[in-house]
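Colleague: The following comprises the amino acid sequence and a computationally predicted model.
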Amino acid sequence: MDQKKIGSFLRELRKEKGLTQEQLAELTGVSNRSVSRWETGTNLPDLDILIQLADHYNVELREILDGERKDVQMDKETRETVLKAADYSNMSKMDFSRKVLYFFIAGLVADAGYMILLFSDAGEKFDFLSGLCLGIMTGVLILGVIYNSRYMSKLRALKLRLLGKAPDGEK
């Protein structure tokens, strides 16, 4: 696969639809920077976004991956295989999101425990426990920052797909 060829083809398709990079970013639930990276060939979109782009541009996934238009339509079996792969990818993301939710709940419980110990007379007796709660809260905060910096836009798009709602601007 030639990423630069794919990138220029994605740029060509976007311009044919009369979209700006910002509009495409909103449509796919990613940042403008991600769209720019796709179009320069630096990065490629995730498989589920590639499928979304193929549907939006009314081209076959194979055409995007080859970086050029083809006359032959993708057969039904190949399309089903690609959709199953995208579903698997989404399931992996959901598992990751579930794990992050468990960490968040642990952080809330640790926060409540720390606050109780901090403002109660027993706080000095339980220095280790209050330090443990503070450490858990800090870890969860760091995890939240990392998670939101890399995955928030993908999580939003996944949530919309799961709810059966299309992002703004998509039919």
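Modeller: Arrived safely, thanks for sending.

Colleague: any low-confidence regions in the chain?
Modeller: Residue ranges of the chain with pLDDT under 70: 71-76, 79, 122-124, 146-156, 159, 165-171.

Colleague: Figure out how far the lengthiest helix in it is from the centre of its chain.
Modeller: Secondary structure of the chain per DSSP state H: the longest helix is helix 76-119. Between the centre of helix 76-119 and the centre of its chain there are 12 Å (C-alpha atoms, centre = their mean, to the nearest Å).

Colleague: now swap in stretch 26-45 and tell me
Modeller: Distance, centroid of stretch 26-45 to centroid of chain: 12 Å (C-alpha atoms, centre = their mean).

Colleague: now do stretch 12-26
Modeller: On C-alpha atoms, centre = their mean, the centre of stretch 12-26 falls 19 Å from the chain's centre.

Colleague: what's the span of it from first residue to last?
Modeller: End-to-end distance of stretch 12-26: 18 Å, with C-alpha to C-alpha, to the nearest Å as the criterion.

Colleague: tell me the residue furthest from the middle of this protein?
Modeller: Distance from the C-alpha centroid of the chain, by C-alpha atoms, centre = their mean, peaks at residue 121 (45.1 Å).

Colleague: For that one, give me its contacts.
Modeller: Residues near residue 121 by C-beta atoms under 8 Å, 6 or more residues apart in numbering: none. Glycine gets a C-beta too; all of them are placed from N, C-alpha and C.

Colleague: Could you measure from it over to residue 129?
Modeller: According to C-beta to C-beta, to the nearest Å, residue 121 stands 14 Å off from residue 129.

Colleague: Equivalent analysis for residue 39, please.
Modeller: Distance from residue 39 to residue 129, by C-beta to C-beta: 53 Å.

Colleague: same thing with residue 22?
Modeller: Distance of residue 22 to residue 129, computed by C-beta to C-beta: 49 Å.
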